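Q: Just the structure for this:
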Amino acid sequence: MARVWLTRNRVEFFFSLGAMMDIIVIVTLFVPLTVQNFAFVRLAQRIFRPNKVGYTCPCCGLNRHDPDAVHCKLCGVVLNIETEGG
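A: Numbering: from 1, shown residues only. Model prediction:
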């Protein structure tokens, strides 16, 4: 593995070629797995928590709004969208 030598005011690491190859392989395998996990989490969020809610505007009839919308994007009327918190 790695050898560590203490000199006067610094620590020097001397890696063997095999240890460096191990580190390179681990990093190249770890990065795609984290990207895949991130994509899976985003997909699960889209399935279980859609980014639009079906609330019909009383003025213009637009029925897709953001979950935290206060005003209609089309006409600007105040919306009273019920949420899970109350």
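
Q: CA only for contacts and neighbour counts going forward, please
A: OK.

Q: what's the distance between residue 66 and residue 38?
A: 23 Å (Cα to Cα, to the nearest Å).

Q: more neighbours, these two?
A: residue 66 (16 against 12; other Cα atoms under 10 Å).

Q: so what's the more buried one closest to, chain neighbours aside?
A: With Cα to Cα, 6 or more residues apart in numbering as the criterion, residue 66 has its nearest non-adjacent residue at 4.8 Å, and that residue is residue 52.

Q: Now for the one you found: which residues touch it?
A: 64, 65, 66, 67 (Cα atoms under 8 Å, 6 or more residues apart in numbering).

Q: confidence score at the third one?
A: Reading off the confidence values, residue 66 has pLDDT 88.

Q: Correct me if wrong: it contacts residue 53.
A: Yes. The pair residue 66 / residue 53 is scored as a contact, 6.1 Å apart, by Cα atoms under 8 Å.

Q: Can you tell me the element the most centrally placed residue in the chain falls in?
A: Central residue of the chain (Cα atoms, centre = their mean): residue 38, 5.8 Å from the mean position. Using DSSP states H and E, residue 38 falls within helix 17-48.

Q: What is that helix packed up against?
A: For helix 17-48, there is no helix or strand it packs on, judged by 3 or more Cα pairs under 8 Å, 6 or more residues apart in numbering; DSSP states H and E.

Q: Report the buried residues of it.
A: Applying a neighbour-count criterion of 16 or more other Cα atoms under 10 Å, helix 17-48 contains no buried positions.
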